[in-house]
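[1] Turn this into a structure:
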Amino acid sequence: MRDWKDEYDSYLIKVVPHLKNDWKKITSKFKEAFKVKVTPFFLKNHYQEISGKIPQSKSHFSHEQDVQLATLVREHGLDWGKIAEEMRISDPVKIKNRYYSFIKKKNLKDKLCRESKKKSLQSK
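    Sure thing, here's the model as predicted:
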């Protein structure tokens, strides 16, 4: 938007938490307050820029990480916090989601654990 004003930023910073990130409501309130034509997509992206809350890009798991995850699940059970700590991944939810959406869904746990055992035997 060409004629963006600082007061728009302060309004966004104030309103977004109050309206709980409901971008349609935020956009309509913004249009009422300033009589400006904006889209929810624009406001959301602008808010992320000014607040420093830019979402992280999706991280992809490597095959080695899948092998490690399957092995750690066998060792620690479903203690996602402990597994995340050992894998040095900050978000245990990512690990849990990877396990359920890929490894368990495709029945890969046993295959990955066998692969892990083979690698450990070869390295000895």
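[2] And for the residue lying closest to K29 once chain neighbours are set aside, the neighbour number?
    When the adjacent residues along the chain are set aside, K29 lies closest to V15, with 6.1 Å between them (CB to CB, 6 or more residues apart in numbering). Any C-beta I mention is one placed from the backbone N, CA and C, and that applies to glycine too. Here the count is done by other CB atoms under 10 Å, and V15 has 16 residues near it.
[3] what about V15, which helix or strand?
    Assigned by DSSP states H and E, V15 belongs to helix 6-18.
[4] and that helix, which residues are buried?
    Burial within helix 6-18, assessed by neighbour count using 16 or more other CB atoms under 10 Å, is assigned to Y8, Y11, L12, V15, V16.
[5] what two of those are the furthest from one another?
    In these, two members sit farther apart than any others by CB to CB. They are Y8 and V16, at 12.1 Å.
[6] Kindly format the C-alpha coordinates of stretch 45-55 as CSV.
    Output for stretch 45-55, consisting of C-alpha atoms alone and laid out as CSV, is shown next (Å, rounded to 0.1, in the frame of the first residue of the first chain):
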residue,chain,number,x,y,z
ASN,A,45,1.6,-10.2,6.1
HIS,A,46,2.2,-6.6,7.2
TYR,A,47,1.5,-7.4,10.8
GLN,A,48,4.0,-10.3,10.7
GLU,A,49,6.6,-7.9,9.3
ILE,A,50,6.1,-5.2,11.9
SER,A,51,5.7,-7.5,14.9
GLY,A,52,8.7,-9.7,13.9
LYS,A,53,6.4,-12.8,14.0
ILE,A,54,7.3,-14.2,10.6
PRO,A,55,6.3,-17.9,10.5
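[7] So which elements touch the helix or strand encompassing E64?
    Counting by DSSP H and E, the element that carries E64 is helix 63-76. Helices and strands in packing contact with helix 63-76 are listed as helix 80-87, helix 92-98, helix 109-122; criterion 3 or more CB pairs under 8 Å, 6 or more residues apart in numbering; DSSP states H and E.
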